[in-house]
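> Any chance you can model this:
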Amino acid sequence: MKGQQIRWMLAVSLAGVLLILGGCSLTPQMTYQGRLTDVGGSPLNGAHRMQFRYYHDDNTGTAVYTQTKIVQVTEGLFDVVIGPDAAGSGLSAEELSQPLWVEVEVANGVYTETLSPRQKLYGAPYAFTLMQGAVISGSLDSTLYGAQGVEAVLTVGNGFETSGSNQSLPALRVEGEKGLELSGFPGAMAGSGIAGTIYSDLSDPGSDLIMNSRDSVYLYLDAISDDSTAIFGVTAGNGQYICNMNEDGDLDCRGTITGATLRTAAEVDGDTRALYGVQSPQAWLEDFGTAQLRDGTAFVKLEALFAKAIQADSGYHVFLTPLGETQGLYVAKKTPTGFEVREQGGGTADIAFDYRIVAQPAGDTGARMPLVGSSTQTP
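Residues are numbered from 1 along each chain as shown. Down below sits the predicted model:
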């Protein structure tokens, strides 16, 4: 029996391993071919049960995939397709990316033999275009290849649409510390890319990421509405917070907003109208109100929150507008909590007046008319 086992072991060989394309999808199948003889060298015939086991080692370990098939042997020769008939069915992409050895057990109802040694599986030449470090490259033009339906050097697509509980999978997932690198064609100038592309110059350590939109650009925050605090944030390379916008449209930014004309919008008589912002050479906060003069005098308290938001103890400006006949009004005294208004010439008028308070904000007020840095430049 020992001699017979050795004869089978030497007679069976892996003639070739080929990836089989099913339509346009790649399946992890391969052909396995060989020759079976008896101890005397005569070829065998008939149905044989063959079990194929995949390992990551040439003689030890646990099988990562097992498949049993009834194989017809004719004049000693057999040819069988082995492996899952669907991607991800019993043999994952991670397992396929590692070295594999196949072990074959043969039985015909009388004898059962495990052939050895295990045989290493090798991919067909074109399969190496999908191994780690591979480069998919081409020089394709739309005039020649576009007429053949080719739209890109590589297209990754998933045409399945979600239906009920059957959820569609992403067409492409990129995992890794450095994510996805996007680069323009060699010699591409920043800002001169073709519409609808995203790229960066990988040869330049300080390269910008350039996006060329054909039209609008949309960003959907919290598209599944499971977090009311979702934000779109911008952070500098040193980890310093720069700007945030939440899904309610609230914008919170550090630094300077620049523009020839700064405008906001408001609904006016059923239409949306642009409003221009008043610009100032340095940071100021304002408050307005109306007060009443009694016997020619009045003390106006600063609103509590406004007083905390300004530098109330270092001085602020007050502008007065009388709403009636008077000899004139003036600010007699200012304190961190409010200011005193009197009528000129010792008058005793009882009239209302409007006031406007202008003050610098508490904390860092920033420089007066600072230079705008290069970070505001467009590509």
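> what about stretch 91-110, how long is it end to end?
Across its full length, stretch 91-110 reaches 31 Å between end residues, using CA to CA, to the nearest Å.
> cool, and stretch 180-197?
In stretch 180-197, first residue to last residue: 14 Å (CA to CA).
> next one: stretch 303-320
Counting by CA to CA, the length from the leading to the trailing residue of stretch 303-320 is 17 Å.
> just stretch 90-106 next, same as before
With CA to CA as the measure, the first residue of stretch 90-106 is 22 Å from its last.
> Any idea which helix or strand in the chain has the lowest mean pLDDT?
Every helix and strand of the chain was ranked by mean pLDDT, DSSP states H and E. The lowest is strand 20-22, at a mean of 34.
> mean confidence score for stretch 56-76?
Stretch 56-76 shows a mean pLDDT of 94.
> what's the pLDDT at residue 228?
According to the model's per-residue confidence, residue 228 sits at a pLDDT of 64.
> ok, and what's touching stretch 287-304?
Around stretch 287-304, the neighbours that count as contacts under CB atoms under 8 Å, 6 or more residues apart in numbering are 306, 312, 323, 326, 329, 332, 336-343, 346-357. In short, each C-beta sits where N, CA and C put it, glycine included.
> quick check, distance from that stretch to the centre of its chain.
With CA atoms, centre = their mean, to the nearest Å as the basis, stretch 287-304 stands 55 Å off its chain's centre.
> That stretch: which residues count as buried?
Of all the residues in stretch 287-304, those buried under the rule 16 or more other CB atoms under 10 Å are 287, 291, 293, 296, 298, 300, 302.
> next one: stretch 349-365
Taking 16+ other CB under 10 Å as the basis for neighbour counts, the residues of stretch 349-365 that come out buried are 349, 351, 353, 355, 357, 359, 360.
> Closest one to residue 37 out of those, please.
Taking CB to CB as the measure, residue 37 sits nearest to residue 360 out of the buried residues of stretch 349-365, at 98.7 Å.
> List the contacts of the closest one.
When contacts are counted by CB under 8 Å, 6+ apart, residue 360 is found next to 282, 283, 284, 285, 310, 311, 314, 316.
> Buried ones only from these, please, as a ChimeraX command.
Selecting in ChimeraX just the buried members of the contacts of residue 360, where the criterion is 16+ other CB under 10 Å, is done with this command:
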select :285,310,316
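> mind listing which of the contacts of residue 360 are in strands?
Within those, membership in strands is found for residue 285, as judged by DSSP state E.
> Now render the contacts of residue 360 as JSON lines, adding distance to residue 69 and pLDDT.
Putting the contacts of residue 360 into JSON lines (distance: CB to CB, whole Å; pLDDT from 0 to 100) gives the following:
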{"residue": "282", "distance to residue 69": "83", "pLDDT": "88"}
{"residue": "283", "distance to residue 69": "79", "pLDDT": "87"}
{"residue": "284", "distance to residue 69": "83", "pLDDT": "91"}
{"residue": "285", "distance to residue 69": "81", "pLDDT": "93"}
{"residue": "310", "distance to residue 69": "84", "pLDDT": "94"}
{"residue": "311", "distance to residue 69": "85", "pLDDT": "92"}
{"residue": "314", "distance to residue 69": "89", "pLDDT": "81"}
{"residue": "316", "distance to residue 69": "90", "pLDDT": "95"}
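> All the strands of the stretch 151-300 of the chain, in order from the start?
Taking DSSP state E, counting those that start in this stretch as the test, the strands found in the stretch 151-300 of the chain are 197-200, 209-212, 231-235, 241-246, 251-253, 263-268, 271-276, 285-292, 297-301.
> now the first one: how far from the chain's centre is it?
Which is strand 197-200. Between the mean C-alpha point of strand 197-200 and the mean C-alpha point of its chain there is a distance of 14 Å (CA atoms, centre = their mean).
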